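# Mind looking at a prediction? Sequence and model below.
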Amino acid sequence: MKLYIKYMVSLRCKLMVKEELNKLGLQYLLVDLGTVELLEDITSEQRIQFKTNLEKSGLELLDDKKSILIERIKGVIIEMIHYSDEFPKANYSDYISQKLNHDYTYLANIFSEVSGITIQQFIILHKIERVKELLLYKELNLTEIAHRLHYSSVAHLSNQFKKVTGLSPSFYKQLKQKRMSNLENM
């Protein structure tokens, strides 16, 4: 039996969901971003308890098909951008379509209708978050980051970064260095 969980976007969320499943004595085959695959059916009492426990942690057990599909789309995108070292060779629309076994136009329309933004905008926001992480925590320069995240050029990455954050990537990195030196001087 598969369950779908909203806002499950990190490894910490996965650990918390596993803990809740263990508390309820539910055996699982897989706990992944946005999905749980149980080895057995869940009773209505267990479902209510699991839903209540998830809500206390800011997660939500999904029931309707559109919400489930939206979370699956988000999960594929988050996995692709944040947890994969290699971006797909195909374009994003083909990759998402293949992963979810649906026509991309159908996915894009439902996503926009429910989320209020396009899949492309969601991808851009997450790519910029990934750029921030790579700027702050990795020893990569902008050229390497642009290549890793499949930007056509450093200029394209810089323009998109500034459009989303209001800062240039180099200024953003300088802010981090200033914060670090201020902490060291305390």
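That came through, no problem.

# what are the ranges of the strands in the chain?
2-6, 28-32, 35-38, 60-61 (DSSP state E).

# how distant is the shortest one from the center of its chain?
Read that as strand 60-61. 16 Å (CA atoms, centre = their mean, to the nearest Å).

# Direction included, what does it pair up with?
Strand 60-61 has the following strand partners under DSSP bridges: strand 2-6 (antiparallel).

# ok, residues contacting the partner strand?
The contact list for strand 2-6 (CB atoms under 8 Å, 6 or more residues apart in numbering) reads 13, 17, 34-38, 42, 50, 54, 59-62, 67-68, 71-72. Using the backbone N, CA and C atoms, a C-beta is placed for each residue, glycine as well.

# Just the angle for that strand relative to strand 28-32, thanks.
Strand 2-6 runs at 30 degrees relative to strand 28-32, counting by axes from the mean of the first three to the mean of the last three CA atoms, to 10 degrees.

# how about strand 2-6: buried residues?
Neighbour-count burial for strand 2-6 flags 3-6 (criterion: 16 or more other CB atoms under 10 Å).

# Out of those, flag the one nearest to Ala155.
Ala155 has its nearest neighbour among these in Lys6, at 36.3 Å by CB to CB.

# low-confidence ranges in this protein?
85-90, 177-186 (pLDDT under 70).

# how's it carved up into domains?
Using automatic domain parsing, the domain parsing of the chain gives 1-63, 122-184.

# Which residue ranges of this structure form helices?
Taking DSSP state H, the helices of the chain run over residues 11-23, 44-56, 65-82, 92-100, 104-115, 119-137, 142-148, 154-165, 169-184.

# so can I have TSV of those showing mean neighbour count and distance to Leu29?
As requested, the helices of the chain are exported to TSV (neighbours: other CB atoms under 10 Å; distance: least, CB to CB, whole Å):
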stretch	mean neighbour count	distance to Leu29
helix 11-23	15	11
helix 44-56	14	16
helix 65-82	19	17
helix 92-100	17	19
helix 104-115	15	26
helix 119-137	17	27
helix 142-148	17	32
helix 154-165	16	38
helix 169-184	12	41
